[in-house]
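K.L.:
got a sequence here, can you model it:
(one chain, ligands or ions: 1)
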Amino acid sequence: MTTRAARQVALIGGSFNPPHFGHLMAAVFVRGALPVDEVWLMPAYHHPFGKPLESFEHRVAMCRAMAEDLGPWLKVSEVEREVGEGGRTIDTLEYLLPRHPDTRFRLVIGSDILHDLPNWKAWDRIQGLVDVTVLYRAGYPDQRAMGPPLAEVSSTEIRKRLELKDLPGDLIPRAVLVYMQAQHLYGL
Ligand code: ATP
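P.N.:
As a prediction, this is how the structure comes out:
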């Protein structure tokens with residue numbers, strides 16, 4: 001009897017408000033450095049701590065615009081909409097895993113959120129369900145993180161520049177900027 005190797009998928013969750021080169025570099029690093037067939041960007045439906053966000057649909061569309069050029073291994077998952085409002089990472093994993101029995105999932109996070117993990121719902125259970133990979137986000141060194149420091153860029157910084165009508169073409173892919181402008185997001 002032959003057994004089929006499980007497809008390996010790395011999940012990068014976040015608000016992606018908007019997506020930027022830091023997210024893109026994280027995806028490319030994970031795909032290049034780990035035994036991963038696909039990377040799924042997983043925009044949060046609503047931020048659990050109530051941060052104001054562009055709509056889920058726009059954030060999904062911006063992630064798709066960013067992913068388009070990279071190849072079929074980079075996908076955008078809308079699973080958080082199905083999990084619904086208030087869904088936390090454990091809820092998403094408990095929804096996703098039984099629906100993809102042939103897939104081995106890995107959760108990828110940036111080192112900036114390590115300090116927050118004790119506040120995550122069921123963090124112990126999450127670690128029992130999936131492998132967790134921590135990437136080194138520039139400015140947040142931590143022994144638990146792997147790889148080189150990734151881009152020093154955040155959605156917060158981009159939103160601040162957009163408020164000043166300073167187009168952050170150096171921090172986000174051009175396709176994302178074009179979409180933002182066409183849809184008049186972030187006050188553009
Ligand atoms: P905000 O500034 O609005 O808080 P953000 O830039 O931190 O947003 P998120 O969408 O919240 O972006 O991040 C999603 C995931 O990607 C998190 O795990 C985060 O740690 C990781 N990430 C974001 N930016 C980077 C980066 N520059 N390098 C490495 N990881 C990153």
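K.L.:
CA only for contacts and neighbour counts going forward, please
P.N.:
Fine.
K.L.:
show me what from the chain comes close to the ligand.
P.N.:
12-17, 22-23, 26, 109-113, 135-137, 150-156 (Cα under 6 Å from any ligand atom).
K.L.:
narrow the residues you listed to those in strands?
P.N.:
Cross-referencing the residues of the chain next to the ligand against strands under DSSP state E gives Ile12, Gly13, Gly14, Ile109, Gly110, Leu135, Tyr136, Arg137, Leu150.
K.L.:
is the first one in contact with Val39, as I believe?
P.N.:
Yes: under the contact definition of Cα atoms under 8 Å, Ile12 touches Val39, with a separation of 7.3 Å.
K.L.:
so between those two, which is more surrounded?
P.N.:
Counted by other Cα atoms under 10 Å, Ile12 and Val39 do not tie: Val39 has more neighbours, with 26 against 22.
K.L.:
what sits up against the helix or strand containing the more buried one?
P.N.:
In the assignment (DSSP states H and E), Val39 maps to strand 38-43. The contact list for strand 38-43, computed with Cα atoms under 8 Å, 6 or more residues apart in numbering, reads 8-16, 27, 30-31, 56, 59-60, 63, 72-80.
K.L.:
how about the strands in the chain?
P.N.:
7-14, 38-43, 74-76, 103-110, 131-137, 146-150.
K.L.:
can those go into TSV with extra columns for mean pLDDT and distance to Leu96?
P.N.:
Output for those, formatted as TSV (pLDDT from 0 to 100; distance: least, Cα to Cα, whole Å):
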stretch	mean pLDDT	distance to Leu96
strand 7-14	97	11
strand 38-43	98	12
strand 74-76	98	14
strand 103-110	98	9
strand 131-137	97	15
strand 146-150	96	26
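K.L.:
okay if I get the ones you listed as CSV plus distance to Glu163?
P.N.:
Supplementary listing: those in CSV, determined by distance: least, Cα to Cα, whole Å:
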stretch, distance to Glu163
strand 7-14, 21
strand 38-43, 22
strand 74-76, 27
strand 103-110, 25
strand 131-137, 24
strand 146-150, 25
